[in-house]
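Trainee: please work out how this folds:
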Amino acid sequence: MPQAIASYTTRVSGLWSTRHEISGENGRIGVLTIERNGKGMVVRGTYAPEKGEKLVLRRDPGLLRSQFSLWTEGREWLGSSLRWSFVGREIVLSTGAKPYRLLPLPNFRAGWRLVAPKTGEMARILPSFLRRRSRIEVFRRVDFELLLFAYFLGWQLHLESVWPGRAVELEPENVPTPSKA
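Mentor: Here you go, the predicted structure:
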């Protein structure tokens, strides 16, 4: 596994509608608030950074799970997520430039990994046993908004990540070929 270039921690408070305090190496970065409706379904999230613009995560209409979109407070679209199957655990994150995938970790441990189509694993989300704390490890340059979106989705699907995920396939032009010695 590559060396992490950045690391974030989250601390969760609340039971029904939760508050996630996100901290980096230099202290608190912001707070993500996740709201549920009366039936227990997550309907929206709001991220309030220490500095910068607020982000809104909202459920998109549809039958499939993990169908959310990420917006700035000024109504600028930053990304959306879609889970193509009722039973599949892969979540596709679209940001306009290229699609990313959120996949379960490859071992028997709860957690998710954010995968780019050409370069492979970019980040890992590693929750504690009771989900009151999480660690986010970043291995390649990634926008914080995309990382926050992946954390938001992965936190909701905690138990689905326990069973190992499949191996990551890279796009053909970037697959390394064995060297002849």
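Trainee: what's the closest non-adjacent residue to the residue nearest to the spatial centre of the chain?
Mentor: The centre of the chain sits closest to residue 150, judged by Cα atoms, centre = their mean, with a distance of 1.2 Å. With Cβ to Cβ, 6 or more residues apart in numbering as the criterion, residue 150 has its nearest non-adjacent residue at 4.8 Å, and that residue is residue 114. C-betas here are computed from N, CA, C, even on glycine.
Trainee: need the helices for the chain, in chain order.
Mentor: 144-156 (DSSP state H).
Trainee: which residues does the residue nearest to residue 150 bridge with?
Mentor: Applying DSSP bridges to residue 114 gives these bridge partners: residue 102, residue 123.
Trainee: same question for residue 71.
Mentor: Going by DSSP bridges, residue 71 forms beta bridges with residue 56, residue 77.
Trainee: what's the answer for residue 24, then?
Mentor: In this entry, residue 24 is beta-bridged to residue 27, by DSSP bridges.
Trainee: tell me how many other residues surround it.
Mentor: 14 (other Cβ atoms under 10 Å).
Trainee: for residue 94, see how far away it is.
Mentor: Going from residue 24 to residue 94 by Cβ to Cβ, to the nearest Å gives 26 Å.
Trainee: who's in contact with residue 8?
Mentor: When contacts are counted by Cβ atoms under 8 Å, 6 or more residues apart in numbering, residue 8 is found next to 22-24, 29, 135-136, 138, 147.
Trainee: find the nearest non-adjacent residue to it, please.
Mentor: That would be residue 136: by Cβ to Cβ, 6+ apart, it lies 4.2 Å from residue 8.
Trainee: surely the one you found touches residue 9?
Mentor: Yes: using Cβ atoms under 8 Å, residue 136 is in contact with residue 9, at 7.5 Å.
Trainee: okay, the two: which has more neighbours?
Mentor: residue 136 (25 against 14).
Trainee: could you identify the buried members of the contacts of residue 8?
Mentor: Buried members of those, scored by 16 or more other Cβ atoms under 10 Å, are 22, 29, 136, 138, 147.
Trainee: returning to that earlier point: beta-bridge partners for the residue nearest to residue 8, please?
Mentor: With DSSP bridges as the criterion, residue 136 is bridged to residue 8, residue 125.
Trainee: how close does it get to residue 16?
Mentor: Look at residue 136 and residue 16: by Cβ to Cβ, they are 24 Å apart.
Trainee: tell me the confidence at residue 85?
Mentor: On pLDDT, residue 85 comes in at 61.
Trainee: so how far is residue 51 from residue 95?
Mentor: Distance of residue 95 to residue 51, given as Cβ to Cβ: 22 Å.
Trainee: possible to save the contacts of residue 8 as a markdown table with distance to residue 83 and pLDDT?
Mentor: As requested, the contacts of residue 8 are arranged in a markdown table below (distance: Cβ to Cβ, whole Å; pLDDT from 0 to 100):
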| residue | distance to residue 83 | pLDDT |
| --- | --- | --- |
| 22 | 24 | 96 |
| 23 | 29 | 95 |
| 24 | 29 | 92 |
| 29 | 27 | 95 |
| 135 | 24 | 93 |
| 136 | 21 | 93 |
| 138 | 23 | 94 |
| 147 | 19 | 93 |
